[in-house]
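Colleague: What follows is a predicted structure for the sequence shown.
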Amino acid sequence: MLPSNARLRHRDDFTAVLRHGRRTTSPPLVIHVLPPNSPTDRSVGTRVGFVISAKVAGAAQRNRLRRRLRHICVDLLGELPPGTRLVVRALPGAAELGFAELAGIVRRCSRRVATG
(Lines give C-alpha, C1' and ligand atoms only; values in the text may rest on other atoms or scores of the structure.)
Protein backbone atom coordinates (compact mmCIF):
# COMPACT_ATOMS: atom_id res chain seq x y z
CA MET A 1 0.00 0.00 0.00
CA LEU A 2 1.21 3.48 -0.85
CA PRO A 3 1.91 5.41 2.38
CA SER A 4 -0.32 8.43 2.88
CA ASN A 5 2.70 10.74 3.13
CA ALA A 6 3.78 9.61 -0.36
CA ARG A 7 0.61 10.85 -2.07
CA LEU A 8 0.15 14.13 -3.86
CA ARG A 9 -3.02 15.70 -2.51
CA HIS A 10 -3.03 19.42 -3.23
CA ARG A 11 -3.93 21.06 -6.49
CA ASP A 12 -0.78 23.21 -6.42
CA ASP A 13 1.40 20.09 -6.30
CA PHE A 14 -0.38 18.53 -9.29
CA THR A 15 -0.18 21.82 -11.21
CA ALA A 16 3.56 22.16 -10.56
CA VAL A 17 4.27 18.63 -11.81
CA LEU A 18 2.08 19.04 -14.91
CA ARG A 19 3.53 22.45 -15.81
CA HIS A 20 7.21 22.05 -14.93
CA GLY A 21 7.80 18.30 -15.10
CA ARG A 22 8.84 16.09 -17.96
CA ARG A 23 6.20 14.01 -19.71
CA THR A 24 6.04 10.74 -21.59
CA THR A 25 3.08 8.99 -23.13
CA SER A 26 2.26 5.36 -23.70
CA PRO A 27 -1.22 5.06 -25.20
CA PRO A 28 -3.34 4.37 -22.12
CA LEU A 29 -1.21 6.44 -19.68
CA VAL A 30 0.63 9.76 -19.50
CA ILE A 31 3.42 10.00 -16.91
CA HIS A 32 4.63 13.38 -15.61
CA VAL A 33 7.78 13.52 -13.46
CA LEU A 34 9.18 16.54 -11.66
CA PRO A 35 12.74 15.76 -10.55
CA PRO A 36 14.01 16.78 -7.10
CA ASN A 37 15.72 20.10 -6.45
CA SER A 38 13.42 21.93 -8.82
CA PRO A 39 12.37 25.47 -7.89
CA THR A 40 8.82 24.36 -7.04
CA ASP A 41 9.83 21.32 -4.93
CA ARG A 42 8.49 21.51 -1.37
CA SER A 43 8.56 17.84 -0.44
CA VAL A 44 11.32 15.70 0.98
CA GLY A 45 10.21 12.21 -0.06
CA THR A 46 9.04 10.88 -3.39
CA ARG A 47 5.35 11.60 -3.91
CA VAL A 48 2.82 10.16 -6.38
CA GLY A 49 -0.57 11.35 -7.62
CA PHE A 50 -3.18 10.00 -10.02
CA VAL A 51 -5.57 11.68 -12.45
CA ILE A 52 -8.36 9.41 -13.64
CA SER A 53 -11.32 11.18 -15.22
CA ALA A 54 -14.87 9.89 -15.64
CA LYS A 55 -14.15 9.39 -19.35
CA VAL A 56 -11.87 6.46 -18.51
CA ALA A 57 -14.60 4.17 -17.12
CA GLY A 58 -17.31 3.87 -14.51
CA ALA A 59 -16.64 4.61 -10.85
CA ALA A 60 -15.92 1.01 -9.82
CA GLN A 61 -13.48 0.49 -12.69
CA ARG A 62 -11.74 3.83 -11.99
CA ASN A 63 -11.29 2.90 -8.34
CA ARG A 64 -9.90 -0.52 -9.29
CA LEU A 65 -7.50 1.18 -11.72
CA ARG A 66 -6.41 3.65 -9.02
CA ARG A 67 -5.74 0.81 -6.55
CA ARG A 68 -3.69 -1.06 -9.16
CA LEU A 69 -1.66 2.05 -9.99
CA ARG A 70 -0.99 2.72 -6.29
CA HIS A 71 0.27 -0.82 -5.83
CA ILE A 72 2.55 -0.48 -8.86
CA CYS A 73 3.93 2.85 -7.63
CA VAL A 74 4.93 1.44 -4.23
CA ASP A 75 7.85 -0.30 -5.94
CA LEU A 76 8.75 2.88 -7.83
CA LEU A 77 9.18 4.89 -4.64
CA GLY A 78 12.51 3.19 -3.98
CA GLU A 79 13.72 3.50 -7.58
CA LEU A 80 13.20 7.26 -7.96
CA PRO A 81 15.40 9.85 -6.23
CA PRO A 82 13.96 11.35 -3.00
CA GLY A 83 12.01 14.53 -3.70
CA THR A 84 10.73 13.34 -7.08
CA ARG A 85 7.05 13.97 -7.78
CA LEU A 86 5.19 11.70 -10.19
CA VAL A 87 1.70 12.10 -11.67
CA VAL A 88 0.09 9.21 -13.56
CA ARG A 89 -2.77 10.31 -15.81
CA ALA A 90 -5.02 7.56 -17.15
CA LEU A 91 -6.58 7.83 -20.60
CA PRO A 92 -9.63 5.95 -21.90
CA GLY A 93 -8.72 2.31 -22.35
CA ALA A 94 -6.47 2.09 -19.29
CA ALA A 95 -9.15 0.34 -17.22
CA GLU A 96 -9.20 -2.61 -19.65
CA LEU A 97 -5.50 -3.39 -19.17
CA GLY A 98 -4.32 -6.14 -16.86
CA PHE A 99 -2.08 -5.56 -13.87
CA ALA A 100 1.08 -6.82 -15.58
CA GLU A 101 0.51 -4.59 -18.62
CA LEU A 102 -0.07 -1.53 -16.44
CA ALA A 103 3.01 -2.28 -14.35
CA GLY A 104 5.19 -2.61 -17.42
CA ILE A 105 3.95 0.65 -18.91
CA VAL A 106 4.33 2.63 -15.69
CA ARG A 107 7.85 1.33 -15.02
CA ARG A 108 9.01 1.85 -18.59
CA CYS A 109 7.60 5.37 -18.83
CA SER A 110 8.77 6.53 -15.40
CA ARG A 111 12.33 5.32 -16.09
CA ARG A 112 12.30 6.95 -19.52
CA VAL A 113 11.19 10.32 -18.20
CA ALA A 114 13.25 10.21 -14.98
CA THR A 115 16.52 9.47 -16.79
CA GLY A 116 15.92 11.53 -19.91
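Modeller: Right, received. Where do you want to start?
Colleague: what secondary structure does the residue nearest the centre of the chain sit in?
Modeller: Nearest to the centroid of the C-alpha atoms of the chain, with distances taken as CA atoms, centre = their mean, sits V88, at 2.8 Å. Per DSSP: H, G, I helix; E, B strand; the rest coil, the secondary structure class of V88 is strand.
Colleague: pLDDT at L18, what is it?
Modeller: Model confidence at L18, given as pLDDT, is 92.
Colleague: swap in the one 5 residues further on?
Modeller: The confidence metric pLDDT takes the value 92 at R23.
Colleague: Kindly provide the distance from it to D75.
Modeller: Distance, R23 to D75, by CB to CB, to the nearest Å: 21 Å. Bear in mind the C-beta positions are built from the backbone N, C-alpha and C, glycine included.
Colleague: Which of the residues in the longest helix seen in the chain are classified as buried?
Modeller: Counting residues, the longest helix in the chain under DSSP state H turns out to be helix 59-79. Going by neighbour count (16 or more other CB atoms under 10 Å), the buried part of helix 59-79 is 62, 65-66, 68-70, 72-73, 76-77.
Colleague: if we take those residues, which one ends up nearest to R112?
Modeller: Using CB to CB, the shortest approach to R112 within those belongs to L76, at 12.7 Å.
Colleague: Assign a three-state SS to the closest residue to that closest one other than its chain neighbours, would you?
Modeller: Nearest non-adjacent residue to L76, counting by CB to CB, 6 or more residues apart in numbering: S110, 5.8 Å away. At S110 the chain is in helix, as set by three-state DSSP.
Colleague: element containing V30, please.
Modeller: Under the assignment given by DSSP states H and E, the secondary-structure element containing V30 is strand 29-34.
Colleague: Tell me which other helices or strands that strand touches.
Modeller: Based on contacts counted as 3 or more CB pairs under 8 Å, 6 or more residues apart in numbering; DSSP states H and E, the elements that strand 29-34 packs against are helix 11-20, strand 22-26, strand 85-90, helix 99-115.
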